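1. The sequence and its predicted three-dimensional model are supplied below.
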Amino acid sequence: MIGPALPRREFWRLTAAGAVGALALWTVAALSGITPRQFLPAPWEVVARLAQLMVEPFVGHTLPVHLASSLQRFGSGFLLAVAVGIPLGLAMAWFPVLDRLVTPLFEAVRFVAPIAWVPFAALWFGTGIGGPVLIIFAGAFPPVLINTYRGAHNVDRKYIEAAQMLGAGAFRSMTQVLLPAAVPSIVAGLRISAGLGWQSLVGAELIVASSGVGYLMVKGQAAVSTSTVMAGMIAIGIVGLLIDMALRRLQARIEQRRGL
Amino acid sequence: MATIHFDGVGRTFRQGGKEFVALQDIDLEVRDREFVAIVGPSGCGKTTCLRMAAGLEHPTAGRVSVDQSVVTKPGPDRAVVFQQFALFPWKTVWDNIDFGLQSLRVDAAERRRRIEHYLGLMGLAGYEHAYPHQLSGGMQQRVAIARAYVLDPKVLLMDEPFGALDAQTRVVMQEELVRLARQHPRTVLFITHAVDEAVYLADRIVVMTRRPGRIREIIDVKSVREAERWDALPRIEDVMDQASFVHLRTHVWKLLRDQQSPDEH
């Protein structure tokens, strides 16, 4: 933040004003008829559709079931990214050889958008769970790796020297010094990672045959039901926000414990 | 028996294509259970000496050995107390002290016994579950000293351990270290730029010259301390009041003052 901080009451008032303003613009656009209904559904239509989707199945499932199946895919891809990214990032920070081997390759590959993996995901995994997991992984992996590596690489030399003089080998130095030193950076990375992974979901579900919010939206588009697509967008937005809030809470707790 | 030997130790640095000598011809033996303090003007390479004994840096000439074996890398037989404490902020006091013991694969009961002993000795009882950031600087340095002593190392290397503390805390820590050093005599190499501290703590003082760092003079304090019975005096200020103390301190001061460059009066 560059300007002076806002008082807490002001902060919430502005947040509410922003939301109400956007909603008002949307309502006016819908009521005035500037935008044809099939291009932009009215807010109340979307709310009604959302309520309907909660109980009535669309393309086989209700919205909560679609969401649950999306979350499961997201969870698998995200956890895989964490399980590979954290150990690899620590090892790269500790062993310069590995750093040299992996970094140039990684720096090139990470600019490929997750959705670009769709053809290969389909080719390699067909309609199985592997395809979407690969795409979510492609989105979630780079921030975990980068933040783990940077956090571990920038650890204060004095902690490494202390660990060495206390007789710690490579494994203990990585797990008990580099890892905890990198935790604040890793958690910040997890937030970015979860965001990008969740964003990649719709792309991932383009190639899934039977369920998921992305799948629901693709089918909604095919049925020219813009309110269904919009309901899916809102569901993705809300769940994404909840995931980020959970991680932000984790981050705050860790920082508090460290006395940061 | 635990000794530290510096045999013809030198250290040169290359900077911008130019070579300059940081340390030259250091010959020194720290005898078994002797407390040796190195004093010198800043930039004389005294910290480099300690870091070479720790295995954190390496000489470009001669060699440093501990107990006849040449130092090549850091290890728990040469415990270091750093000026900036270097406690792990993510570990409690207990776990910080335990870290080295775990490396040494000491069994759980013995670890517990030793940690409790040093917690008591260093006045840390009741703080074992605290994190470093919850403690004052003086308390943090107590933890760092306990972390070093608990390993029962051959030698202790202390790099201006009280340099980051305020004056009052510093005095208390100096008294405690004297108590600890008399109770648990160890081979100690202690780096400081505070003359009082060196005279109060050390058995011998090594005075170094400004760049290139060489040994100017080695002063025997122990014989004076024993003859004048300093250890019978309970407080540091009583010791510092002794004519024998003042005399030694002035002597060291004069040696250092000759080293001062004109811009540092």
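-> Sure thing, it's come through.

2. Per-residue pLDDT of the closest residue to chain A within the stretch 1-150 of chain B, please?
-> Relative to chain A, the nearest point of the stretch 1-150 of chain B is B:S103 (3.2 Å; C-beta to the nearest C-beta). Where C-beta positions appear, they are placed from N, C-alpha and C, glycine not excepted. Listed pLDDT for B:S103 reads 90.

3. try B:D263
-> Listed pLDDT for B:D263 reads 52.

4. Over to A:S200?
-> At A:S200, pLDDT is 88.

5. Now for the residue of the stretch 151-260 of chain A found nearest chain B, how many residues are close by?
-> Nearest residue of the stretch 151-260 of chain A to chain B: A:G167, at 3.2 Å (C-beta to the nearest C-beta). Residues lying near A:G167 (other C-beta atoms under 10 Å in any protein chain shown) number 20.

6. isn't it right up against B:V106?
-> No. The criterion here is C-beta atoms under 8 Å, and A:G167 misses it with B:V106 at 10.8 Å.

7. Does the residue of the stretch 151-260 of chain A closest to chain B fall in a helix, a strand, or a coil region?
-> coil (DSSP: H, G, I helix; E, B strand; the rest coil).

8. hmm, the helix or strand in which B:Q140 is found touching chain A?
-> Under the criterion of DSSP states H and E, B:Q140 resides in helix B:137-149. Yes. Shown here: helix B:137-149 in contact with chain A (C-beta under 8 Å from any C-beta of the partner chain) through B:R147.

9. Buried by neighbour count: which residues of that helix qualify?
-> Neighbour-count burial for helix B:137-149, counted by 16 or more other C-beta atoms under 10 Å in any protein chain shown, picks out B:G138, B:M139, B:Q140, B:Q141, B:R142, B:V143, B:A144, B:I145, B:A146, B:R147, B:A148, B:Y149.

10. Which stretches in chain B count as helices?
-> B:46-54, B:93-103, B:108-121, B:137-149, B:167-183, B:195-201, B:222-228, B:236-241, B:243-257 (DSSP state H).

11. Now B:K91. Nearest residue, chain neighbours left out?
-> Distances taken as C-beta to C-beta, 6 or more residues apart in numbering or on different chains place B:F99 nearest to B:K91, at 6.9 Å, with adjacent residues excluded.

12. if we can go back for a sec, want to try a markdown table for the helices of chain B, with distance to A:W117 as columns?
-> Shown next, in a markdown table, are the helices of chain B (distance: least, C-beta to C-beta, whole Å):
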| stretch | distance to A:W117 |
| --- | --- |
| helix B:46-54 | 49 |
| helix B:93-103 | 43 |
| helix B:108-121 | 49 |
| helix B:137-149 | 49 |
| helix B:167-183 | 59 |
| helix B:195-201 | 64 |
| helix B:222-228 | 73 |
| helix B:236-241 | 70 |
| helix B:243-257 | 68 |
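
13. Of all the ones you listed, which one is nearest B:R210?
-> Checking the helices of chain B against B:R210 by C-beta to C-beta gives helix B:243-257 as the closest, at 9.4 Å.

14. How far away from the center of its chain is that closest one?
-> Offset of helix B:243-257 from its chain centre (C-alpha atoms, centre = their mean, to the nearest Å): 20 Å.

15. Quick one: neighbours of B:A53, just the number.
-> 24.

16. Kindly report the same for the one 5 residues further on.
-> The burial count assigned to B:H58 is 13, neighbours taken as other C-beta under 10 Å.

17. hang on, it packs against B:M52?
-> Yes. If you go by C-beta under 8 Å, B:H58 and B:M52 touch, sitting 6.5 Å apart.

18. right, and A:R49 touches A:T228 too?
-> Yes. If you go by C-beta under 8 Å, A:R49 and A:T228 touch, sitting 6.0 Å apart.

19. What residues does the stretch 51-200 of chain B have near chain A?
-> Applying C-beta under 8 Å from any C-beta, we find that the stretch 51-200 of chain B lies next to chain A at B:54-56, B:73-76, B:78-80, B:82, B:84, B:86-91, B:99-100, B:102-104, B:131, B:133-134, B:147, B:151.

20. Of those, just the buried ones, PyMOL syntax please.
-> Here is the PyMOL command that picks out the buried ones among these, judged by 16+ other C-beta under 10 Å:
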select buried, chain B and resi 54+55+56+74+75+76+78+79+80+82+84+86+87+88+89+90+91+99+100+102+103+104+131+147+151
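
21. wait, isn't the residue of the stretch 1-150 of chain B closest to chain A in contact with A:R172?
-> Yes. With contact defined as C-beta under 8 Å, B:S103 and A:R172 form a contacting pair (6.9 Å).

22. list the contacts for the residue of the stretch 1-150 of chain B closest to chain A?
-> If a contact means C-beta atoms under 8 Å, 6 or more residues apart in numbering or on different chains, then B:S103 has A:L166, A:G167, A:A168, A:G169, A:R172, B:P76 as its contacts.

23. Going by distance to A:A188, which of these wins?
-> The closest of those to A:A188 turns out to be A:R172 (C-beta to C-beta; 24.8 Å).

24. Buried ones in the helix or strand hosting that closest one, by neighbour count?
-> Per DSSP H and E: A:R172 is located in helix A:170-173. By neighbour count on 16+ other C-beta under 10 Å, the buried set for helix A:170-173 is A:R172, A:S173.

25. For the helix or strand just after it, name the packing helices and strands.
-> Using DSSP H and E, the helix or strand that follows helix A:170-173 in sequence is helix A:179-205. Packed against helix A:179-205 by the contact rule (3 or more C-beta pairs under 8 Å, 6 or more residues apart in numbering or on different chains; DSSP states H and E) you find helix A:63-94, helix A:118-125, helix A:130-153, helix A:213-222, helix A:226-258.
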